[in-house]
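Participant: Would you be able to build a 3D model of this:
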Amino acid sequence: MQKDNILPLVSIITVNYNTPVVTQALLASIHRNDYTNVEVIVVDNASTEDPTALLQEVYPAVRVIRSERNRGFAGGNNLGIAAAKGEYLFLVNNDTEFTPGLIQGLLAVFDRHPDAGIVSPKFHFFYQPGVIEYAGYQKVDVLTGRNSMIGRGMRDDGQYTGIVDTAYAHGGAMMMKKNIMSRVGLMPDIYFLYYEELDWCEQFRRMGYRMYFQPASLIYHKESMTTGKYSALKTYYLTRNRILFMRRNVRWPHLLLFAGYFTCITIPKNTLTFLLKREWKHLQAFWKGVSWHLKPF
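Facilitator: Residues are numbered from 1 along each chain as shown. Alright, predicted model coming up:
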């Protein structure tokens, strides 16, 4: 490997919220990683207890930025971005773990593709070794306001081999050049949780950049360690932000199509489902997400 002083500095940024043990595991994997010219920034989103001492036990050089309030995924990452010194920024979820060659593979995409805006690696489920979570994203459907991950749930038999452009980067691991990001702007923090990276990718695309998937780089993901895999909080933000994304990124003819689908299909279906399952908190969260749009933003 080349010496550190001729390698670009990569700022690794992650957000912690009351999950210091999970973040410790990420830091340990960074410490073991084979790309060493990095700075590591953990933004703590107003956790109950200051995690600094625990995190420095694993990674003494880590810089912990304590936010006075919970700024959500986008707001937390934006704090880290403002403090970062690297030529490249690598935003990762704290419930991920690095593998060898991860950073080098992502950097290689920027060398080969001058139009690269954001690059994401291949994701495997941490608790399902060899099973793919992400090998790119499909475009958000203008009718449903939903999209899907390519390859999700498939056994990784080497079927994804080439660098390809993709509709969206994965918010759990996104690398970008700092100078490009400064032209596009920070991640939209109006979302707080979910859909913000999709909106950000749309902003990069409008500036002429592409999102790329690099299958030669691999990261492991534990999934929803902070919010929970099925929680009322998740229901609220997925509902609210699904509509918000469409309002911000879809032209009027398609937006009317989505509005009709959401009103006639999604609202009755979800309401009935939550009622039949007696999931009152989810029902309340769903309607809270819908009604948020009755006021201007």
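
Participant: The closest residue in space to Leu218 that isn't next to it in sequence and Tyr220: what is the separation?
Facilitator: Using CB to CB, 6 or more residues apart in numbering and skipping the chain neighbours, the partner closest in space to Leu218 is Thr99 (4.7 Å). Quick note: C-beta positions are derived from backbone N, CA and C, even for glycine. Computed as CB to CB, to the nearest Å, the Thr99 to Tyr220 distance reads 7 Å.

Participant: Neighbour count for these two, which is higher?
Facilitator: Shown here are Thr99 and Tyr220; by other CB atoms under 10 Å, Tyr220 has more neighbours (21 against 18).

Participant: after the host helix or strand of Val42, next one along is what?
Facilitator: Secondary structure assignment for Val42, by DSSP states H and E: strand 38-44. Past strand 38-44, heading to the C-terminal end, the next element that is a helix or strand (DSSP H and E) is helix 52-58.

Participant: Please name every helix or strand in contact with that next one.
Facilitator: Under the contact criterion of 3 or more CB pairs under 8 Å, 6 or more residues apart in numbering; DSSP states H and E, the helices and strands touching helix 52-58 comprise helix 20-32, strand 63-66.

Participant: of the ones you listed, which approaches Tyr212 most closely?
Facilitator: Comparing the helices and strands packed on helix 52-58 against Tyr212 with CB to CB, the closest turns out to be helix 20-32 (22.2 Å).

Participant: what are the ranges of the strands in the stretch 101-250 of the chain?
Facilitator: For the stretch 101-250 of the chain, strands defined by DSSP state E, counting those that start in this stretch occupy the ranges 116-125, 132-134, 164-166, 173-177, 210-221.

Participant: What residues are bridge-paired with the nearest residue to Phe110 once chain neighbours are set aside?
Facilitator: In space, and not counting its chain neighbours, Phe110 is closest to Ala116: 5.0 Å by CB to CB, 6+ apart. Here Ala116 sits in beta bridges with Arg210, as judged by DSSP bridges.

Participant: What residues does the most centrally placed residue in the chain make contact with?
Facilitator: In the chain, the C-alpha closest to the average C-alpha coordinate belongs to Gly171, at a distance of 1.5 Å (CA atoms, centre = their mean). Gly171 makes contact with 73, 91, 93, 196-197 under the criterion CB atoms under 8 Å, 6 or more residues apart in numbering.

Participant: For Ile267, which of the strands of the stretch 101-250 of the chain is the nearest?
Facilitator: In terms of CB to CB, the element of those nearest to Ile267 is strand 132-134, at 29.2 Å.

Participant: Where does pLDDT dip in the protein?
Facilitator: Residue ranges of the chain with pLDDT under 70: 1-5, 224-228.

Participant: all helices for it, in order.
Facilitator: Secondary structure of the chain (DSSP state H): helices located at 20-32, 52-58, 72-83, 102-112, 178-184, 196-206, 232-249, 252-261, 267-276, 280-291.

Participant: what would the ones you listed look like in JSON lines with distance to Phe213 and mean neighbour count?
Facilitator: Putting those into JSON lines (distance: least, CB to CB, whole Å; neighbours: other CB atoms under 10 Å) gives the following:
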{"stretch": "helix 20-32", "distance to Phe213": "21", "mean neighbour count": "19"}
{"stretch": "helix 52-58", "distance to Phe213": "30", "mean neighbour count": "16"}
{"stretch": "helix 72-83", "distance to Phe213": "20", "mean neighbour count": "21"}
{"stretch": "helix 102-112", "distance to Phe213": "9", "mean neighbour count": "19"}
{"stretch": "helix 178-184", "distance to Phe213": "18", "mean neighbour count": "15"}
{"stretch": "helix 196-206", "distance to Phe213": "12", "mean neighbour count": "21"}
{"stretch": "helix 232-249", "distance to Phe213": "20", "mean neighbour count": "20"}
{"stretch": "helix 252-261", "distance to Phe213": "25", "mean neighbour count": "14"}
{"stretch": "helix 267-276", "distance to Phe213": "31", "mean neighbour count": "13"}
{"stretch": "helix 280-291", "distance to Phe213": "30", "mean neighbour count": "17"}
